[in-house]
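S.K.: I'd like to go over a predicted model; first the sequence, then the structure.
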Amino acid sequence: MKTIRRRRPKIDVRRAVREWLVQDDAVKAFSERLVEAKGLLMKILESEGRNDERGSQWIRFPDDPVEGRITAIKRERRVTPKLDEERAEEYLKRRKLYSQCTETITVLDEAKILDLNFKGVISDADLETLYDPKETWAFVPQRVKQ
């Protein structure tokens, strides 16, 4: 039985890099324009939008959706409770509840491990056994300096 080897089609690397570069430039340009357009719409909503019961601001297009797809835009007000740790700590201490609402978490301090290695307490060989290699790959085009 014969083994048939298929040849890989030759890839024009320069052409592939050009294609990537065009797409990368387009994404950057469109991303910047998208951020600018959204910022402009947020300003318009802030000054011209109608508030709803939750404080969000709306501009509606019910009878004439934009591009047949957008019936309204909204600058949505979002409120999230955030614990004021200083105030909570004072309150809990006053009420003698502080120890019930705190916990001690033990974490390794890598800087201290490295310091002990530097001082010779932990050998280089032992230190090496404490680390696992992590391999990653990144696409890094080298651009012409301008």
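M.R.: Alright, I've got the coordinates.
S.K.: can you list the weak-confidence ranges in this protein?
M.R.: Regions of the chain meeting the criterion pLDDT under 70 cover residues 1.
S.K.: what does the domain assignment say about this protein?
M.R.: The chain resolves into domains spanning 10-79, 80-130 when parsed by automatic domain parsing.
S.K.: between the ones you listed, which gets nearest to V140?
M.R.: Nearest to V140 among those is domain 10-79; the distance by C-beta to C-beta comes to 12.4 Å. For the C-beta atoms, the positions are set from N, CA and C on the backbone; glycine is no exception.
S.K.: and the closest one, how far apart are its ends?
M.R.: Terminal residues of domain 10-79 lie 57 Å apart, using C-alpha to C-alpha, to the nearest Å.
S.K.: okay, the domains of the chain in JSON lines with distance to A138 next?
M.R.: JSON lines is the format used below for the domains of the chain (distance: least, C-beta to C-beta, whole Å):
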{"stretch": "domain 10-79", "distance to A138": "14"}
{"stretch": "domain 80-130", "distance to A138": "23"}
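S.K.: any chance of JSON lines for these, columns mean neighbour count?
M.R.: Putting the domains of the chain into JSON lines (neighbours: other C-beta atoms under 10 Å) gives the following:
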{"stretch": "domain 10-79", "mean neighbour count": "11"}
{"stretch": "domain 80-130", "mean neighbour count": "10"}
